[in-house]
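Sequence and predicted structure are below.
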Amino acid sequence: MQLTPDAAHVAGGAAADREIRVQGLVKSFRGPQGPIEAVRGVSFDIAAGQTVALLGPNGAGKSTTIDMLLGLLAPDAGEVSLFGRSPADAVAAGAVGAMLQTGDLIRDLSVRELVTMVASLYPAPLGVEEVLELTGAGEFAAQRTQKLSGGQTQRVRSAVALVSDPRLLVLDEPTAAMDVEGRHAFWRTMREFAARGKTILFATHYIEEADAYADRAVLMAHGRLVADGPTTEIKARVGTRTIRATLPGADARTLQRLPGVTGAELRGEAVVLTCSDSDAAVRALLQQYTGARDIEIAAAGLEEAFLQLTADGAAASAPTSGASLR
């Protein structure tokens, strides 16, 4: 698969398998200095059963794209199809569950009462106790919603999103208020849900979550799609490698002049070399520094790929205003 924005319509799989289609979405908002282009012609497909991460820096247009996908915002141009239906029809049928950043839980209900109430709105919901157990909310199911901690609130939000037994689950920064243990527990729940053949789309600023849990990542920068594909291929697209070695007394300027090296950093007795040609760099390193030891060569991580690709995307489409976009 070729990792280019032009190939985004292919990334979701064969046409017969596409369940979510986002085609040519455009959205602008009125700002103090004129229109602010939040989303600029974004297109991608998601096949049944995929877990897809939507990544991008602040202002990339991720949340605006999610809002249009859910029918909460009308696009200026383009369209969204969920299971062959409009977003409004798919949501009304219980085919879509969402866990958004904004909005409070209804007060003065216990967690169990809230989940039970939401379940009653759908034709074929999951069992309330099953959802409470699946999300870890059963531990505090008798508590009133206004008495919950931030992490507990996120678990209840996930229970509310899951109880309709949706075919598509949309998550916008789902672990933002959770500690490390809570984040791991949340993603265990999501793995169980995905194992049932469900489709998951999530936006996150935790790059390691995308690398660990997504089948595929869609990267946005300044409202445009800049990469779309498996995280392994996105990392390979950057093409850089890093050499780490123990090298007492090394000089950063000398290291940076080695063939194939584009950057050098000293960390005590350790050196970190960013390389365009790691083979040439390691040969030159061993020839010039015979005492080098503990040498490691690693491909670019997703965070490095994310930073480079979104920076490239930003340079290709400068924002029209300094106003913050979601």
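Thanks, I have it. Numbering: from 1, shown residues only.

in this protein, which spans are helices?
62-69, 87-92, 111-119, 128-135, 150-162, 180-194, 207-213, 231-238, 252-256, 278-288, 302-316 (DSSP state H).

ok, and which of these has the densest surroundings?
Compared across these, helix 62-69 shows the largest average neighbour count, a mean of 25 (mean count of other Cβ atoms under 10 Å). C-beta: built from backbone N, CA, C; applies to glycine.

What lies in contact with that helix?
In this structure, residues lying in contact with helix 62-69 by Cβ atoms under 8 Å, 6 or more residues apart in numbering are 20, 22, 25, 27, 38-39, 42, 54-56, 73-75, 80, 82, 87, 100-101, 170, 172, 201, 203, 220, 325-326.

Apply the buried test to these and list what passes.
20, 22, 25, 27, 38-39, 42, 54-56, 73, 75, 80, 82, 87, 100, 170, 172, 201, 203, 220, 325-326 (16 or more other Cβ atoms under 10 Å).

F306 against V218, yeah?
No: F306 is not in contact with V218 according to Cβ atoms under 8 Å; the separation is 11.6 Å.

Find residues that contact each of those two.
Taking Cβ under 8 Å, 6+ apart as the contact rule, F306 and V218 both touch L55.

Low-confidence regions, the protein specifically.
Applying pLDDT under 70 to the chain picks out residues 1-18, 238-239, 300, 312-326.

Let me see the domain layout of this structure.
If you go by automatic domain parsing, the domain ranges for the chain are 5-95+166-236+304-316, 240-299.

mind checking how far G61 is from K27?
Distance of G61 to K27, computed by Cβ to Cβ, to the nearest Å: 8 Å.

list residues touching both of those two?
Residues touching both G61 and K27 by Cβ under 8 Å, 6+ apart: A38, V39.

how about T135, what does it touch?
Counted by Cβ under 8 Å, 6+ apart, T135 has contacts R155, V156, S158, A159, L162, T189.

Tabulate these (JSON lines), appending distance to R241.
Converted to JSON lines, these look like this (distance: Cβ to Cβ, whole Å):
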{"residue": "R155", "distance to R241": "40"}
{"residue": "V156", "distance to R241": "44"}
{"residue": "S158", "distance to R241": "38"}
{"residue": "A159", "distance to R241": "43"}
{"residue": "L162", "distance to R241": "41"}
{"residue": "T189", "distance to R241": "35"}
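
What is the most widely separated pair among those residues?
Greatest spacing in the contacts of T135, by Cβ to Cβ: V156 and T189 (12.4 Å).

Can you name the residues that contact G291?
Per Cβ under 8 Å, 6+ apart, neighbours of G291: L247, P248.

one more time with 6 Å, if that's ok
Listed by Cβ atoms under 6 Å, 6 or more residues apart in numbering, G291 has no contact partners.

cool, and L247?
L247 makes contact with V271, Y289, A292 under the criterion Cβ under 6 Å, 6+ apart.

Number of residues surrounding the second one?
Y289 is flanked by 18 other residues according to other Cβ atoms under 10 Å.

what's the answer for the first one, then?
With neighbours defined by other Cβ under 10 Å, the count for V271 comes to 23.

How about it: what's its closest non-neighbour residue?
Nearest non-adjacent residue to V271, counting by Cβ to Cβ, 6 or more residues apart in numbering: L247, 4.8 Å away.

how much space between that neighbour and S110?
As defined by Cβ to Cβ, L247 lies at a distance of 61 Å from S110.

likewise V118?
Taking Cβ to Cβ, one finds V118 at 13 Å from S110.

how many neighbours does L148 have?
Residues near L148, counting by other Cβ under 10 Å: 17.

how near is it to A47?
Separation of L148 from A47 (Cβ to Cβ) stands at 35 Å.

And A194, by the same measure?
A194 sits 13 Å away from A47, taking Cβ to Cβ as the criterion.

Also R85?
Distance from R85 to A47, by Cβ to Cβ: 17 Å.

In terms of packing, which of the two has more residues around it?
In this comparison of R85 against A47, neighbours counted by other Cβ under 10 Å, the higher total goes to A47 at 18 against 15.

Who does the more buried one form a beta bridge with?
R18 (DSSP bridges).

Please name the residues that touch V39.
L25, K27, G61, T64, T65, G223.

do you know which of the helices of the chain lies nearest G34?
Smallest distance to G34 across those (Cβ to Cβ): 17.5 Å, for helix 62-69.

Tell me how far the closest one lies from the chain's centre.
In terms of Cα atoms, centre = their mean, to the nearest Å, the centre of helix 62-69 is set 13 Å apart from its chain centre.
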